[in-house]
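Chemist: no sequence on this one, just coordinates:
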């Protein structure tokens, strides 16, 4: 039996015996339980190190110097 099928059968078995209010209470309990699970939403490897920030800053300044040369008189 597939997991999906087993879940569907368990759901059907339980909810057939419940009123609408009780099904809503069950849904609330399930959702509250799921939100308590600690899941790493932010992958810390995505954070920029100080060196990463310096590198991108240096690149941005270099790029700006290339596209806005001093002789354009923008300052």
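Modeler: Received, thanks. Fair warning: this is a prediction, and the values are worked out from it, not measured in the lab.
Chemist: need the residues that contact the host helix or strand of residue 52.
Modeler: Element membership for residue 52 (DSSP states H and E) is helix 50-67. For helix 50-67, the surrounding residues in contact (Cβ atoms under 8 Å, 6 or more residues apart in numbering) are residue 48. From N, CA and C alone the C-beta is placed, and that goes for glycine too.
Chemist: one more: stretch 17-36?
Modeler: Here stretch 17-36 has contacts from 14, 15, using Cβ under 8 Å, 6+ apart.
Chemist: average pLDDT for that stretch?
Modeler: Mean pLDDT, computed over stretch 17-36, is 88.
Chemist: how far is whichever strand or helix holds residue 34 from where the chain is centred?
Modeler: Per DSSP H and E: residue 34 is located in helix 20-36. Its chain's average C-alpha position is 22 Å from that of helix 20-36, according to Cα atoms, centre = their mean, to the nearest Å.
Chemist: equivalent analysis for stretch 31-41, please.
Modeler: The answer for stretch 31-41 is 12 Å, by Cα atoms, centre = their mean.
Chemist: now residue 67: how far from residue 18?
Modeler: Residue 67 sits 66 Å away from residue 18, going by Cβ to Cβ, to the nearest Å.
Chemist: neighbour count: these two, which is higher?
Modeler: residue 18 (12 against 7; other Cβ atoms under 10 Å).
Chemist: the more buried one and residue 38, how far apart?
Modeler: 29 Å.
Chemist: what is the burial count for residue 26?
Modeler: 14.
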